[in-house]
Structure formats: C-alpha cells, structure tokens
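Asks: Generate coordinates for the sequence data below:
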Amino acid sequence: MRLIAILVLAGAVSIAKEAPSWVQEAARQTTKSDYPAKVNHVTLLAEEHLSLDAEGRRTMTERGVIKILQPGGSPPEAFRTYNPKSGRIRDFHAWLVYPSGRETEYDKKRVLDVALDQRYTYDEGRAKVIECDADAPAGSVFAYEVTEEEDTIFTTYHYGFQEKSPVVVSRFVLSLPAGWEARATVFNHDEIKPEIAGSTYTWEARDLPWIEEEENSPGWHAIAPRLAVTYFPGSAAKAELRPMKDWPAVSGWLAGFVDPPAAVTPAVRAKAQELTSSSKTELEKITAIAAFAQQTNYVSVQMNLTRGGGYTPHPADQVLSRNYGDCKDKATLMRALLQAVGIDAYPVVIYSGDREFVRREWPSPMQFNHAIVAVKVSPETNLPTVITDMPQLGRLLIFDPTDPVTRVGDLPAEEQGSYALVIAGPQGNLVKMPMLPATANRIELSVDAQMDAAGAVSAHLVTHYFGQSASPMRYMTQHGGPDELKRVLERSYSRRLGGVALDHIAPADQAQEGRLDLALDLNVRQFGQLMQNRLLVFKPGALAPDHGYNFPKKPRKLPVKLSARVRKDQVSLRLPPGFAVDEVPDPARIESPYGVYQTSWKAANDVLIFEASLETKDIIAPASDYDRVRDFFDKLAGGQYGAVVLVKR
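Replies: Numbering: from 1, shown residues only. Below you'll find the model as predicted:
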C-alpha cells in the first residue's frame, strides 16, 4: 500500500449485507471485452456530489464502483483526504459483490485513518481508506461511498474525471443555494456542457480509455480529463465567501492571510542585522538571508484551515525562535528578514512537481501546493531568475527557500517555466516563472584514460555540474554520504561498462560559482575486445553517461516530454604500446526539432580524442511525432557508441 504508519483497528471483518441499488445498477453495466491485457480493473461509476449551504459549508459525497477484470497489480481502494481542523469524514462505506452475486459490506473496522506524509512529524493532513480484498476473484465489483463535511471559504473546486483505469461513467454534481451561479472549465478533454436543473449542475463524461504509463510523458494532470469549478455566492452570502473572478482578486484575497505574519519584530530585526553585518551589496544581503531561510528545518504544520484555507503561515518571529516551519513559514521568515534590512519581498504560490499543472484560465488558490519568494531588486542585481513581467512591482528575483541545494539566481527545475501567483494585494497576478537556458544547467565531462594491450582501461574522470544539473549530486553528497555516492556511481557505470572499480571519489561543491565538481578514478577490466590477436575494438563514448532517454520501438499513445539539457564530453585515451588507429567513425552532426548532437575524432601522438556535445530542447512533442523523436535519439546513440578499431603495428 502506498501509505505507511497505518492505524489499523484489529478484528476487522466483512459482514453480509445487501449493497445499495446504485451499486447494483452500476454493476449490471456491460463493459468492453477488448481492454488491453495490462488493465486489471475498470471503473463502472465515478461520481462526486458537492452540496453547499448558504454559509458556504460544503458536503461532498463520493461514490465509486470498480469491476475487477483480473487479479494482479494494486487492488482497488477508496481513498479520501481531509483535514481535521477544517472538516471530517462523516460516513465511509464499502461493499464487495462477488461474481456469484453474494454481497458483503466491509466492517467499519476496515477503515484506516492515515497521515498523508510521514516524513514530517507535524503534518496534519490525513486520509481515510478502505482497500479491496487482494484475493477478490475476477468479475467481483468493489464499491464505496464516502461523505466529507468541510468548513471553508474557498469558492472553487476541482474534480478529476479519471485516474488511470478506464472509466464507463464519471460524473460531478454541484448543488448551490438559490441565487448562486457557477462556471467551469474542462482540461484535457473536449468541452463538457453541464445539465442544469435549478441550482444543480451536472457534468458527465463517458467511456474514458485506459491511460497507460509511458516514460518521458507529461504529468498525469496534463493528460487525464479534469474539471475546474468556480461558484459565485449570492448577495446574501457571508463576506468571507469572495468570488474569484480573476487573478488579482485571488491575490487580494490571499494577501490578508500571508502578509500580517511577515511583520518585523525586534528579534527578527536583530537576526537580520546579524546575518548581513558583513554584506556590502544588495545581493550579498539577499544571499545571506536566503541561506539562513534554507537551513531552517522543514516540517508541515498547517493552521487556520477554516480561515485561510491552509495559506496562513506562522508569524515570522515564531518560525525564527523554533527554527522550523513549512514552505509558507520559511517564505514568511525570509520576507520579514529582508524587510528588516530594507528589501521588499512578496510571497509566491506555485505548483511544485509539474510545471504544466497551473492553468491561467482558472483563477483559483486551489491550483498551488508550494510557497516561494519574489524579492524586489534594483538594477544592480542581475541574475537569470529576475523577472520584469510585473512593472507595477518592479524587478523581482524569484527564489525557493525550501529547496536546500538551489542557490540564489537559480530555481528548481520543476518550477522553471511554471505559472505562479505573485501575491501583492490587488496588484498581484499570475506570471510565468523564469526558464533558465539549457547552458545554465549543463554537464561537462573530461576523461583522461589509458588502455593496455588486453583492453583494460584505467581512467581519471572530472565532471562539472552547473546549475540544476548539480542538484541531485549535491543532495546526495550532503545527505547520502560517501558510501551511498559510491554505490550509485558504481551501479551507473557498471550498467554501461560491465565490471568496474571506482576509487578516489572526490566531490567538491563550488556553490558560489554555481557548480559542483566530481573527480574519480575508474578501472574497467574489459573495455576493449582483442580480436585475431591484432585488432582491438572499443567504444570511447561509453565512458560518458548516456542521455537518459529510453524510447522503445512500439506504438506511443502519450506526448513525449523532453527537458532542456546540455552535455559536453571529452575522452582522451592513450593507446596501448604497439597499437595504432585503424578505423574511427566519421564526424557527425545530427539536427532535429528536439535537439542537436555532434561528434568529432582526432588521433595524434598515440592519443585518441573523442568529443561529443548534446543539447536537447524543452519541448512536448505529440504522440504522432514519436517515431521522429525515437529516430533522433537512436542516431544519437549510434554516434555516442561508435566503435574504434586499433591495429597492432
């Protein structure tokens, strides 16, 4: 099961009880007989009914009916998140209908109450879940109904018509008080017009196909059909229920929650002066304060869910004294420290993990899961992460104080190019985050190698990781330790080269220069193949890591997502005594809409030099272009692993 630390109530059993009529009706539906062999179950019915009262309190009833086509894979489950400070799961029922027609209802003791994220001790988000019996036979139907109640001031809601399984019917129903109105946008699907009866709106989708996971595809939220709803309270509704008509309205609403906790107190002012006492420039002050905010321990402690929808941070001086907080707390602390030394900063909310998630056409605070900072800077501060899209606020330097390994002037890769909301009262707006050029995140490798007459190689490798390319290695060196680093590197090189031995692994973090260097010695027992006792054949490019993409020869259904990357490799190999170069591949240059790759070869004074460079573009190619994408990377691999032939003199 995907969650850990589960509270299980002992003695849970199922009891014989007839399932409701809506379960029996859905179970009688006929399904296709030609689902792919990998499909283990199909959703016959997915439905959620959201009802609001005049005060904005909402009740959500979710129903699901899932037919098991074949055993295997993860069993179906009913899963509903909630926060105990703003709501509760009122009812939770589940049934299993066997192929024979026998029906059982799951005992209440089968309901598990779990923390959403056990990494952070104080995470208050929770979920309740019932999992279908793993041994339920093919043809069985698992059904559930969950009712959640919530006090909130949100006037927007999000519904996913589908996860990955095929769906026969998926439906969202919205019931509003008299005089209220709603509008909605459908993503990743043709327009779905609602059926409207009085103040009840119904959106329905049918016959949604299976979404098969494919490598290097966009995130699920950019593929699966989903519905974004905004409702507009009537004139008699309470003042806290403010309609989100546009992004400045969302910014103005959120500012009331995020600005007061960023107040400068004597303790905050004293800490800011201490941190910047030796700083002479604006950038030096920002860098010193940013480093302090980064080292503040991360824990998720949500508060004021009813009032601020989870957006209200703890006061900055409290975060300072406790030395912990979540992303919005760390952003608030950094803002207050900057303000104490005369530098303005604004909170920024963003979706971390999927840059395609946030959509401009749906003004809603429910599109974000992370908080970062926009620092107002003067023209003297010039960095790649400065944006000028909001002239009313000036030049803004974007920084993520939660990311422990990304320096000022850089931004985590999944946040680059994403839409984010700069919260600045009614002047705030949704803007696109900076997208750093591929050269800012390049990897440069130099290899100095020696081969003996039997084909064994000893090599000294130095890799320079720039920008975000350094983040995984930097995190590993800081948190994994030398043994873990060696294990990961040995696994990577062994996959390409066979038996290897690594020694003298020496990472050197040049953080001030935006670079991490890694030096190591490598020995390969059988790098070259001796043939006829006079020819030695080997592939110099195998000493360099591959491009990281795998595109098998098979039909493609999903778009292909490529990231902007730059690699430069140089392999200098001293030939074994008594051997000379007989054949080398021709120089190559491969250009396509997806990137550019080129190689060159040079032999002189018993040294062979192989150079290769690759730049891939940040692009999402439609599935119809898959063959062309695969062809580019196949040609690239052919150039990278071109064989050299040496001959014995």
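Asks: Next one: the closest residue to R515 other than its chain neighbours from A438, what distance?
Replies: The spatially closest residue to R515, leaving aside those adjacent along the chain, is F466, at 5.3 Å (C-beta to C-beta, 6 or more residues apart in numbering). For every residue, glycine as well, the C-beta is placed using N, CA and C. F466 is 10 Å from A438, where distance means C-beta to C-beta, to the nearest Å.
Asks: so what's the backbone phi/psi at the residue positioned nearest the centre of the chain?
Replies: For the chain, the residue sitting closest to the mean C-alpha position, by C-alpha atoms, centre = their mean, is G353 at 2.1 Å. Backbone torsions of G353, given as degrees, to the nearest 10, read phi 110, psi -20.
Asks: didn't it look like it was pressed against E414?
Replies: Yes - using C-beta atoms under 8 Å, G353 makes contact with E414 at a distance of 5.5 Å.
Asks: For the stretch 151-300 of the chain, give me the ranges with low pLDDT.
Replies: Low-confidence segments of the stretch 151-300 of the chain, defined by pLDDT under 70: 235-239, 300.
Asks: the strands in it, which residues?
Replies: Along the stretch 151-300 of the chain, the segments classed as strands by DSSP state E, counting those that start in this stretch run 156-160, 167-175, 181-187, 195-197, 200-208, 226-232, 297-298.
Asks: Out of the ones you listed, which is closest to Q640?
Replies: strand 181-187 (38.3 Å; C-beta to C-beta).
Asks: Could you list the buried residues of the closest one?
Replies: Within strand 181-187, the residues that count as buried by 16 or more other C-beta atoms under 10 Å are 182, 184, 186-187.
Asks: And for stretch 348-363?
Replies: Buried residues in stretch 348-363, counted by 16+ other C-beta under 10 Å: 348-352, 355-359, 362-363.
Asks: again with stretch 279-298
Replies: Result for stretch 279-298 [16+ other C-beta under 10 Å]: buried residues 282-283, 285-290, 292-294, 296, 298.
Asks: chain center to it, what's the gap?
Replies: 26 Å (C-alpha atoms, centre = their mean, to the nearest Å).
Asks: likewise stretch 361-374?
Replies: Distance, centroid of stretch 361-374 to centroid of chain: 15 Å (C-alpha atoms, centre = their mean).
Asks: Out of the buried residues of strand 181-187, the closest to G481 would be?
Replies: Taking those together and measuring to G481 by C-beta to C-beta, the closest member is F187, at 42.8 Å.
Asks: So the closest one versus F161, what's the distance?
Replies: As for F187, its distance to F161 is 10 Å (criterion: C-beta to C-beta).
Asks: what's the overlap in contacts for the two?
Replies: Counting by C-beta atoms under 8 Å, 6 or more residues apart in numbering, the shared contacts of F187 and F161 are 225-227.
Asks: Mark which of those residues are buried, thanks.
Replies: Buried members of these, counted by 16+ other C-beta under 10 Å: 225-227.
Asks: can you list the residues you listed in JSON lines and add distance to E490?
Replies: Converted to JSON lines, those look like this (distance: C-beta to C-beta, whole Å):
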{"residue": "P225", "distance to E490": "44"}
{"residue": "R226", "distance to E490": "43"}
{"residue": "L227", "distance to E490": "48"}
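Asks: and which of the residues you listed is nearest R565?
Replies: Of all the buried ones among the shared contacts of F187 and F161, R226 has the smallest distance to R565: 29.7 Å, by C-beta to C-beta.
Asks: what residues are up against the closest one?
Replies: Residues near R226 by C-beta under 8 Å, 6+ apart: 158-161, 186-188.
Asks: One more: H41?
Replies: 66-69, 76, 142, 165.
Asks: Then W253?
Replies: 242, 244, 365.
Asks: For ChimeraX, what selects the buried ones among these?
Replies: Buried residues within the contacts of W253, by 16+ other C-beta under 10 Å, are selected in ChimeraX with:
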select :242,244,365
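Asks: Can you lay out the contacts of H41 as TSV showing neighbour count and secondary structure?
Replies: Shown next, in TSV, are the contacts of H41 (neighbours: other C-beta atoms under 10 Å; DSSP: H, G, I helix; E, B strand; the rest coil):
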residue	neighbour count	secondary structure
I66	26	strand
K67	23	strand
I68	23	strand
L69	19	coil
P76	27	coil
F142	25	strand
S165	20	coil
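Asks: Same list (those) but as a markdown table, adding distance to R496.
Replies: Shown next, in a markdown table, are these (distance: C-beta to C-beta, whole Å):
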| residue | distance to R496 |
| --- | --- |
| I66 | 43 |
| K67 | 44 |
| I68 | 41 |
| L69 | 39 |
| P76 | 40 |
| F142 | 45 |
| S165 | 37 |
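Asks: L516: which of those residues is nearest?
Replies: Nearest member of the contacts of H41 to L516, counting by C-beta to C-beta, is S165, at 41.9 Å.
Asks: and that closest one, how far is that from P587?
Replies: Per C-beta to C-beta, S165 is found 50 Å from P587.
Asks: And for L227?
Replies: Using C-beta to C-beta, one gets 53 Å for the distance from L227 to P587.
Asks: give me phi/psi at P363?
Replies: Backbone torsions for P363, taken as degrees, to the nearest 10, come to phi -70, psi 110.
Asks: Might one say that it is in contact with A228?
Replies: No - between P363 and A228 no contact is recorded; they are 9.7 Å apart, counting by C-beta under 8 Å.
Asks: Got the domain ranges for the chain?
Replies: 14-232, 247-436, 439-648 (automatic domain parsing).
Asks: tell me the most buried of those?
Replies: Mean neighbour count (mean count of other C-beta atoms under 10 Å) peaks for domain 247-436 among these, with a mean of 20.
Asks: tell me how far the ends of that one are from each other?
Replies: 25 Å (C-alpha to C-alpha, to the nearest Å).
Asks: ok, back up a step: among the contacts of W253, which one lies nearest to I211?
Replies: Nearest to I211 among those is P365, at 27.5 Å by C-beta to C-beta.
Asks: Next, the contact list for the closest residue in space to that closest one that isn't next to it in sequence, please.
Replies: Nearest residue to P365, sequence neighbours excluded (C-beta to C-beta, 6+ apart): V250, at 5.6 Å. Listed by C-beta under 8 Å, 6+ apart, the contact partners of V250 are 244, 363-365, 421, 428.
Asks: now, which of those sits nearest V169?
Replies: Proximity to V169 was ranked across the contacts of V250 by C-beta to C-beta; first place goes to S364, at 26.0 Å.
Asks: so what's the residue lying closest to that closest one once chain neighbours are set aside up against?
Replies: Spatially, and ignoring its direct neighbours in sequence, S364 is nearest to T156 (3.8 Å; C-beta to C-beta, 6+ apart). Applying C-beta under 8 Å, 6+ apart, we find T156 in contact with 228-231, 244, 362, 364-366.
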